[in-house]
Structure formats: structure tokens, C-alpha cells
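Peer 1: got a predicted structure here, sequence first:
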Amino acid sequence: MLHPDFLFPAETGARGVARRLYGEVAALPIVSPHGHCDPAWFATDRAFADPASLFVVPDHYVFRMLYSQGVPLEALGIPLADGTPGDAEPREIWRQLASHWHLFRGTPTRLWMEHGFSTLFGIEERLTADNADRLYDLIAGKLQEPAFRPRALFERFNIEALATTESAIDPLPHHRTLRDSGWAGRVITTFRPDAVIDPDFPGFADNLAELSRITGEDTGSWNGYLAALMQRRAYFRSFGATATDHGHPSAATADLPHAEAASLFARVVSGATAAEAELFRAQMLTEMARMSLEDGLVLQIHPGAMRNHNPSVFARYGRDKGADIPTATGYVHALKPLLDRFGNDRRLTVIVFTLDETAYSRELAPLAGHYPALRLGPPWWFFDSPEGMRRFRELTTETAGFANTVGFNDDTRAFCSIPSRHDVARRADCAYLARLVTEHTLDEDEAREVAIDLAYRLAKSAYRL
Amino acid sequence: MLHPDFLFPAETGARGVARRLYGEVAALPIVSPHGHCDPAWFATDRAFADPASLFVVPDHYVFRMLYSQGVPLEALGIPLADGTPGDAEPREIWRQLASHWHLFRGTPTRLWMEHGFSTLFGIEERLTADNADRLYDLIAGKLQEPAFRPRALFERFNIEALATTESAIDPLPHHRTLRDSGWAGRVITTFRPDAVIDPDFPGFADNLAELSRITGEDTGSWNGYLAALMQRRAYFRSFGATATDHGHPSAATADLPHAEAASLFARVVSGATAAEAELFRAQMLTEMARMSLEDGLVLQIHPGAMRNHNPSVFARYGRDKGADIPTATGYVHALKPLLDRFGNDRRLTVIVFTLDETAYSRELAPLAGHYPALRLGPPWWFFDSPEGMRRFRELTTETAGFANTVGFNDDTRAFCSIPSRHDVARRADCAYLARLVTEHTLDEDEAREVAIDLAYRLAKSAYRL
Amino acid sequence: MLHPDFLFPAETGARGVARRLYGEVAALPIVSPHGHCDPAWFATDRAFADPASLFVVPDHYVFRMLYSQGVPLEALGIPLADGTPGDAEPREIWRQLASHWHLFRGTPTRLWMEHGFSTLFGIEERLTADNADRLYDLIAGKLQEPAFRPRALFERFNIEALATTESAIDPLPHHRTLRDSGWAGRVITTFRPDAVIDPDFPGFADNLAELSRITGEDTGSWNGYLAALMQRRAYFRSFGATATDHGHPSAATADLPHAEAASLFARVVSGATAAEAELFRAQMLTEMARMSLEDGLVLQIHPGAMRNHNPSVFARYGRDKGADIPTATGYVHALKPLLDRFGNDRRLTVIVFTLDETAYSRELAPLAGHYPALRLGPPWWFFDSPEGMRRFRELTTETAGFANTVGFNDDTRAFCSIPSRHDVARRADCAYLARLVTEHTLDEDEAREVAIDLAYRLAKSAYRL
């Protein structure tokens, strides 16, 4: 089912180059510096429950498409906002997927899933309503085998390092278990402080209280709050973290004098206006950059999603249900305060992502092609796709080159899709490079070096892994 | 002149796939759910007057290009704003077209016209100043033949359904004639209420008075106004309408409480500020969606054109003279009030178009890939072109799939271009699908299904035809 | 090193067409109507000093990339803001370039430089740390030969006309020398009045004083100021200028009544607010258009760069150090006042550029495809690249055609890159046209005409050369 020339250009010469380049990178270890796998999988190493809970229920790419075409979220087993688990039968969920399989034509979801079906489970036929039950049983059976336990898959996937993402106030119990387990797999955490940095985050006040409780710092004072964050960063670093991650509505940064920042914090703690909340998030990105210079954590900024666009779905099912929608996102003015202060410092690495592709050539590539501290994150979310990757390269390379990019992020909660996502990225990059080679703008020996950079080396160096 | 591989990729394998896919759709009937043909053509079935009035005078694509390169609109027979017909000789207009034919190199206008010349009139040579008179005579002669009357062409074009667009206060005399004529051709109307919904529309107050006159409702009151619109929708439905269409400066929607809406209407009737006019248009889109849930009409939103950018041309020649220019158009915030209220209702179909291609991947595909009520209209106006279609598919498919799009609209007042426009769209889609097949991201049997969907089935289902 | 099929599509048929089209344009003379070469080179005809000062120090494309990856600007010989020359040894600078050569993979800088190395110096090996010294010596030696003097290169490059760009208050000594020299090379100036039009320009008040001094006009009064500008335009025309050029933060234009403009000028002279400065720049574009109608100078607008984004680099090194970053730029509203007044006048030519590619299809092509006075400048700055050129054609041609574009600008201060930049542009356009031919949307004989237009004729006609 997985054609050897999958994603390669049709023209014979370019296809040959793509094949050769891909041959150099296909078997490289996977470096996954940003993602959302559950560390409990590797800590407990329990078998995955069933095909539906592995492939459908946690994957918003999958259920948002089904929902858009009229499949109720109930029928897909989506849990309620209050935590009540969905009560759809896993097999029924799987049948929904199978009977709507045609909806995924032309989408990366289809590519990832068929890639996984084929390479993991040896399935070489298309999912249909007719074979749904048989394939369900086949996968469900395999999942009970020792070879399909999380750690075994981790090793089979040839993952050199996998970063999960945890809230700043998460005690990281699973990472502790992992660290103490003696298992050789490198599963590290990432410091994600949105819950204690974004005044609009649900439960912000409670989160600050919890931050105080676990650090012993007075998070009601600006200095205590900053000390608490610094302490948590150290805690995360002790579980391998090499990066922080920040999901803000915009890329705004600010660099207020200390007294103004303290005063803003005081207002924010007692209930911020929308403008104050935005300014506070902006200030905190610069504070995080300052701390990164001290402790070496790479700073990732993921801006520009309007979260929970659909109030009915949010009320019933809560966050992360496929209703986050990108918005126009500016970087030139937004990042300036942070860059004014730290942008020329080579010791700092700030990785910026976008959901607004217009920023690639107009803003992000020109910025990353100048500031020593700035790097471009790979195409993200809706753009983690063959076309999205092609546009990313075509729109950034001529101005920022390859060295100002950072390799691939799979960014996924779908563990079994990790090899296929990396494979799609490697193939898409080889296809792009093959075009440069056949158009004589890059020599093949250099393209080979670049292919290895993009597949492996840049992620390691940018994320300090 | 029309090469069998017109618009297909050059590479042999992809070209072969494109040919096979196209073979499946080339002869499918034309479904034209959105356009601007004159229903009088089919009601009276009179011969078209001459080549100039068929191909040049009504086609703003044609005369805007000629004007941009210095041909006066007078020389092209454009009528004045007060209705005075242009006094250029049709043959002289045609000569202008012929002597400037090179200006259309690389444009869809050129493709549509040569396609039509070839398939309709058997012309297999390029239009030049030298052959202008001969080709004029050839076309003019054919137009007098019975086979070139509007109804005969309609049948020859294999049109299964053709929607025209009429103002909400149009009495629809030609559609009445058509309905009573016994002719089997399905020519239906579309409910276009801009003239009575947009306070900035010329003659808005008079239009409301006319709306009152023909409905017997008190259009000075909010409730009477809504009832009048509902009545007109029913009238349009009685002439086959399955859709409404709304051409607003932005995609703004609003969902005011009834009392606020009524109060806004009162202000609007007595002369609105720009902000009130915008809010009123926004509110009316949501009212239209509410009515659509009652009567089943599909709601089309065509936002983002700045109308009549050129005041000199507008003063002399009036509206629709090629001086409408797209503007940056946001959808995420703009559509939210309407979607908050009705976006999860599968019984509603809202089809959104754009003149701002940056919205495809950033906003429209993510929205349409989530909301059950939302669909993406095809590439519109300046983007009804091979490159425009390619960008549309590349920028929307990975996130919204094919099923959240609605097939092709020819959107034309140039009747003879309808077959060529649909042919260009079918070929462009087959070319796109051929690439997916040759890159092994879609199997050819599935691509065949999709090609038929895009050429025929989606338009029928989305527009309820 | 320079492959004959450089930049051509890989597919055999398209490659053949591209080769044939390129064969028609490869040897055409170079028309360079917009650039930043130093007229002193041709006035004095002194040998270029060394490879570093020719290829690295003046080229912000080169040093911004090196800087982004950690090479200090000191190490690249960049002079300080106060004019102190850099003290890095030229050979050391060259070694920095050589040892970071891999950073330029996939960038146009790499293409231009290797093209120049090969065609000018016969270098057929890749620059490396190992061969850096040898190639340095080779180039340095050649530069001392008579055949590598500026005038000899100008002739060897087959330049028919080369426009430099000078400030409105520049006395143009080198152009005077050139005019008096009897040398046949056509090196003309361009009138660039930013320094006396933009209130935010460093030294604005002093510049106005200087403008008064050299014209004898009272530049403290609106009428005197306008008369001084008109006088300087005549002076520039006497040195061959056929165009003016305006680098504004936005594309805003205004058309104030005379009294308001005079009053605005009075406020601007005594210290403008940011809004007044913007309005004044806007007004001045319309004044420039008015003067262009009188004296025939073509008006170029280069908007949308945020200058000097990096305050540390600006403080130490001054302007033009690779820290100018594009911003989102609107044209539809911005250009309207100017177009309302002069847009229908065929005697005027306004050439508009953009750093915001989203404007190509949404705004610029629709505007240029309608207004007789408006033309689209070629892809600019970061988009002077193969991908940038491809996007420009794909996003503008279908709406604006070819005739509303103006050929290529090399826009460079790197004299030796001029042939390679024009060659890249010619090849990129032939590649685009080859696709149209192989997809049967343009006949090859017409593509040949278009190729010659794009490479040569349009620049001559649009710039009145």
C-alpha cells in the first residue's frame, strides 16, 4: 500500500534524485523534540486499549473532519468537558471511521493512518465499511502482543529522543517513574507554562496558588512569581527538558521596566482586562527569554490560534476538539521588544511557528535570516502536510536558508503516527531538494547533506538534544 | 486549436492519469448553480445580436484588460451609467479586441474565448487584426442560425440546471415566461437581496418601498420587513430558487437580540452611519441563515470586493465596469456570530467565497473542516482560472478535504463561455488529482470518484439541485 | 558549474521549450532601469579593490545570512555608522564567506555568486575553506586587469542602460563626470527624494536647508518647496533620469486641497507627529505624480519595509545592514487618492512594488489590470529569486497579463552580479512560459514574443529608455 515513490515527483530524473536522497535519511533515528504523547504510556508500558482509542478518539484531525460532515461527536466516543468518558463502543467508532474513509482523500490524516496500518499492522487494503470489523480485530489483536506495547514500539520506531509537553505545575510523576525505571528510552518533558502565564487560561488564579504550593514561593509577588517559574524550569530540566513552549493568541512580546512589569502583574493577579492579559503574556515571553539565557532552555512560540471557536462544542466537550482556528498573525512588530533585547545573542534560541503562511516569506524568513537568536519552526498543525511542507520550503529557503530552520516536529498525541509523520516529512523534503537538484540550483552531494540536516541533525542541534 | 491535453501536466505519467480522469467527466452534464446569465435570453429565445455584444460588451474581464492598456471604454461600446447605449460599431469593437488579442496571453479570458471560438464556431486560427473581419462575419452569420439561439445552445451545452441571479424586488417576468413556456430547460433564479439589505446600496429607501408594494408588508417595521423578505424568498422558490446570494463588503455577521435588531433597523431606515450599515448587513446574514433553516435555501456569501474603486469610471459608466477590487477579508471573527448560532446545524448550508486567497488555508479550510453547516465555494472571479483553481485545491484540500467544497460555479454573464469555463475547471481539477495519483497519495479509482464529485455531484448536492 | 539547463523544468518537453525560449533572450542587451550601483565606479573607472569589497561588504543579502548564523559583522568588514571603515582583512572576510558557503544553499545569493564566479572568473569549483585563498588570489589578480575595470565590465556585460539612484540633494558629480567623459556607456540617475520628502528621514530639516541652498528656492514655504523639487527633477533629467523612486513605509497616498497641503507642510517642517509624517509622505506621492505628468518621469513606489528593525545593529552600523523587514502592505485604499486623481491618465506611469506577496493576486494585479496609469514592478528584494519570480508570474498574469508588468530590475549594489541576476530572471521567466506552452495555454511563437518582452522590451518602454 505504501508505494516506494510515495510523495516523490513524477518526472523520472527528479524521482531518481528523490529516491537517492531518501535512501540516505529513511533509516535515520527519529528525533521528536516537540509533541504531546502521554508519558504514562511509557511509564506504565500498558497495552493500548483498542484501535478506536488509539486512532480516533485522541486525534482532532480525524474527528473534526468526521464532525464537519455530520458525524456527531458522541458517535466518536469523545469524552465530555467534565471528564465523563464517551460511551460509544470502540468498534462502533471504528465503523464510523471506516464508512467515512473517503472524506480523508487528499488529507495528511489519510497518509499517516494508511502508513501506520501498513508498516505496523501489515494491512495492505483500503479501509472500508466491509472490512472494518476484520481490520478492527486484526489491530486489536496485535495491540495485545508484547511487541505492540509502548516501549517496544518506541524502540521499534527507532526514536532517539521524544519530548512530551507538560504544564508548569505538573509534578511529572510519569517522567519520574521513567527516570527511575532504568529503561533506556529517552522520553523528556517540555516546560509549558501557559496555565500560569496566561491570565485568560481557565483556573489561572488556582494555578498560581498551586504554583506557590509546589515551589514555596510567594506567587502573589512579581519576584516570587518569577522565582517560582525559575524553580519549575529547573525541575523540568531535571527531567530532561531542553525547551519551553508557549501557546499564545498572538506573537506579542513586551519588555517593560521592572516596576511596570511588577505593577502589571499585580493587576493581572487581581483580574486583568483583555489588554492587560495580552500585555502580560507579551512581557512573560521576554522574561522566559531572559531565563533561557540563564538556564539554556530553548524557547518555542506557537502563536495565532483562536481557541475554542465553537461555543457549543466547547461547552459540551471542552478544549482541543478541533475547533481552534488560525488567525492572521504578525511578527515584525510583535517580536520586536524581545528581539531588541535578546535577538543578537547567539546563546539564545527562539523557535517561532505560525498558522499564518503569509508570514513565511514576508516576515519570518526575513527575521530568521537576520537575527542570530531566531529560528523557524517547521510547518505546524494544519500545515504538517505535504503541501504545507512544500510551501514552507519554497517560501522560506531563499531568504532564511536551511540552517535557520530546525528540522521536523511531529507535534502529535497519536503515538503510532510518529514514524509515518516523520517519513512524510523526510519524503516531502527530499522531493523539494530533488527539484533543486534537477533544476541545477543545488548539487546532489549538497542536497544529501541538507536532507540529513532536515531529517536529523537540525532537530538535535536546535533543541540541544 | 483546443489541444486534447490542454491544461494537463507535461510529465507523461501524470498526463496519462489526467487524460483518463478527464475522460470520465468531460461529457457530464453541466450544473451551473451560480451565474449571471440574462433569463430573457431563454424566455424570448431571440438570436444573439452580434459577436461584440456577445463576447466583449458584457464581459468585464475583457474590457478591463483593454482599458488598462489604454483602449477607451467608449471604443468598446460600454453603455453609460444613465443607460445610454454605447455607440461604437460592433465590428469596430471586435477589431479592438482582435488588435489587442496579445494582451490576453496567459489569462483565462483567452482560454475561454478560444475554447468557445473553436467548439462553437469551428474557428481554428488565432484572432488577429488581419482575420478580425472574417471571423466577425463568420460568428455573426452563425448567430443567426437556429442552432445558435439561446435554448438550442442551452441544450447543446448539455446544461442540466442553470441558476440566474435576480434582485429580491425583481418580479421575475422572464422566469415566469420560462415556467409557462413548456420548454424543458431548467433555468432557475437565485434570491439576491443586496438591494434591500445593504443600506449603502443605491436607492435603498426606494427599494424598501418597492419591497413593501409588491409584498403588502410594512417594510418600515422590523417584523414587516422580515416578513416581506420571507415572502419574497417563497416567491423565488416558486421559480426554482434553491439558494440566496449576498455580496457584502466584508464577511461580518452579527446576532443581535430582537429588540436591538429592530432598533438598528429603525436607524438604518432613516439613514445609517457606515458602522450601522455594516452591522445591519451583518445581522441580516444571520437572519437569512435563520430563514434558510425554515425554507431550505442555501446561503451564499460573496464578501470582500471594494466596489467601484474608480470614481471617474463609475460616474460615467456606472457599476460593474471592471473597477471592483478585492480587499483583505477576515472570516474567523466575522463569521463567528452566525456560526455560534447555526454552525452546528447540519440542515443549513452556508457557502463562503473569498477574493483573499490568504484565507484559504488560514481560515476557510479550518472552518469548513469543522462546522457541519459550512462549505467552501469554488475559486471566485479573478481566481476562476487554472492557477486560481490549483491554489484553491492545494490550500484547502489537506484541511477541508473535497467533501466540504461544492464543485464549480461559472458565475458568468457570458453565456457562450459556460462550456469552456466548466471544461477548464474539470481539466484543472483532473490535473490536480493526477498529481496526487502520480505521487501516490490517492489511488486512481478514488481520484475518479473525486473527479466526478467535483465536476457534477457536489454542485447538485450542495445546491440541492 | 553553470549548467545549460539551470532553472529549467526537469520534464523533457518543458525543458526543450525553455531552452528554445531562452535561446531567444540569452544574448539580449541588459536594460537595468533600477539599481544602486555607485556611479563613481564608471566615472573614475578605477579597478575594484578586492574580492571581499566586491562580493561581501556591500551585499546585505550576504552578510545578513552570515550574521544570522553567528558571524559578527566586524569579521565581515562592515563599516561603522560614523563611517569608520571595517578593519577586517579582505582575505579574512573572504575566508568567512568560504567557510560558511553551505549557508547559502537554496538561496539566490548562491546562484548569483557562482554564476559570477563562473562567467567572470572562469571558476568551476565550489568555494570551500580549502580553496578560499586560491580563489581569492585568482579573483584579486583578475580585478587588476584592464578587462575587469568597471567600464570594461559594463561593456562586456552588454548593458544598454544602467540607472543608479541618487538623493534629490546629490549634486551628481559622478554623472557629470560621466556625461563629460565621452564614454559611450549609458549610466543614468534616478530621482530619489526620500531625504527631503520623508519627515522621519534622518536629517530631514538639514536636507530641506540643503535643498534650498542648491535650488535658491524657499523650502520653508509649500510653493517654494514644490518648486525646488521640480527644479531638482529637471536637474536629474538633465543627467538622463527617466524615473523617480520612493521608499515609503506604506503605500499611502493622499490628495489634499492646496491649502491643507500647505498647512500640513508647515507643521511638518516644524516637527511632525507620526500621523502627520505619514500623511505628508502620502500627499507627496500625489504631488510627484502631478509633476510626472508635467515632466514625464516614471514614478516608482517601493513601500512596506520596516527599516532598521534591529536597534543594536543600527546604532553600531547604521542603515542598510540587512535588518529591514517587510510588513503587511495594503494598496487598495492606500493608492486610491492618487489613482482617483491620475489613475485614468495614460500619459502617467506609476510602477508599484511589494514586499507583501499576498497583495499580488488580491490587490496589485486587479488594480494594474484596470488602471491605465498603473504597472507592476518585478518581484523585489527578498523575492528577486527563482521562487519569488515564479510566484509573481503565477499570481499576477491571469489577472494583469504580461503587458501590465515592466520587465526585470536587478536593484543591486553588486555590479558583478548584474549579468547573473538578469540571467536568473530570464531563465525563470522562460521556465514559467515553458509550462504554459506544454500545458497548451500559450503557443510557443507567442511565448517567444513574451520572453523578449519580459527580458528586454517592457523595461525599455515602461521606463521610457
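Peer 2: That came through, no problem.
Peer 1: any idea how far the residue lying closest to residue A:2 once chain neighbours are set aside lies from chain C?
Peer 2: Once flanking residues are discounted, residue A:2 sits nearest to residue A:118: 4.7 Å by Cβ to Cβ, 6 or more residues apart in numbering or on different chains. For every residue, glycine as well, the C-beta is placed using N, CA and C. Distance check for residue A:118 against chain C: by Cβ to the nearest Cβ, to the nearest Å, it reads 29 Å.
Peer 1: by contact count, what packs against the host helix or strand of residue A:118?
Peer 2: According to DSSP states H and E, residue A:118 maps onto helix A:108-121. The elements that helix A:108-121 packs onto, with contact taken as 3 or more Cβ pairs under 8 Å, 6 or more residues apart in numbering or on different chains; DSSP states H and E, are helix A:60-68, helix A:132-143, helix A:418-438.
Peer 1: of all those helices, which one is nearest residue B:414?
Peer 2: When the helices and strands packed on helix A:108-121 are compared by Cβ to Cβ, helix A:60-68 sits nearest residue B:414, at 34.4 Å.
Peer 1: quick one, the closest one and helix A:108-121 angle?
Peer 2: Direction vectors for helix A:60-68 and helix A:108-121, defined by axes from the mean of the first three to the mean of the last three Cα atoms, to 10 degrees, enclose an angle of 120 degrees.
Peer 1: quick one: low-confidence ranges for the stretch 1-150 of chain A?
Peer 2: Per-residue confidence of the stretch 1-150 of chain A (counting by pLDDT under 70) places the weak regions at A:1.
Peer 1: quick one on the thing from earlier: quick one: which of the helices and strands packed on helix A:108-121 is nearest residue B:229?
Peer 2: Relative to residue B:229, the nearest member of the helices and strands packed on helix A:108-121 by Cβ to Cβ is helix A:60-68, separated by 29.2 Å.
Peer 1: please name every helix or strand in contact with the helix or strand immediately after that closest one in the chain.
Peer 2: Scanning the chain past helix A:60-68 towards its C-terminal end, the next helix or strand to appear is helix A:90-99 (assignment: DSSP H and E). Counting contacts by 3+ Cβ pairs under 8 Å, 6+ apart, helix A:90-99 is packed against helix A:51-55, helix A:60-68, helix A:132-143.
Peer 1: turn those into JSON lines, columns for mean neighbour count.
Peer 2: Putting those into JSON lines (neighbours: other Cβ atoms under 10 Å in any protein chain shown) gives the following:
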{"stretch": "helix A:51-55", "mean neighbour count": "22"}
{"stretch": "helix A:60-68", "mean neighbour count": "23"}
{"stretch": "helix A:132-143", "mean neighbour count": "17"}
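Peer 1: stretch A:443-450 close to chain C?
Peer 2: Yes: judged by Cβ under 8 Å from any Cβ of the partner chain, stretch A:443-450 comes into contact with chain C at A:443, A:446, A:449, A:450.
Peer 1: contacting residues around the spatially closest residue to residue A:329 that is not a sequence neighbour?
Peer 2: Using Cβ to Cβ, 6+ apart and skipping the chain neighbours, the partner closest in space to residue A:329 is residue A:304 (3.5 Å). The contact partners of residue A:304, taken as Cβ atoms under 8 Å, 6 or more residues apart in numbering or on different chains, are A:249, A:250, A:251, A:326, A:327, A:328, A:329, A:354, A:355, A:356.
Peer 1: ok, what's across the strand from the closest residue to residue A:422 other than its chain neighbours?
Peer 2: Here the nearest residue to residue A:422 in space, its sequence neighbours aside, is residue A:30; by Cβ to Cβ, 6+ apart that works out to 5.2 Å. In this entry, residue A:30 is beta-bridged to residue A:159, by DSSP bridges.
Peer 1: fine by me, thanks again.
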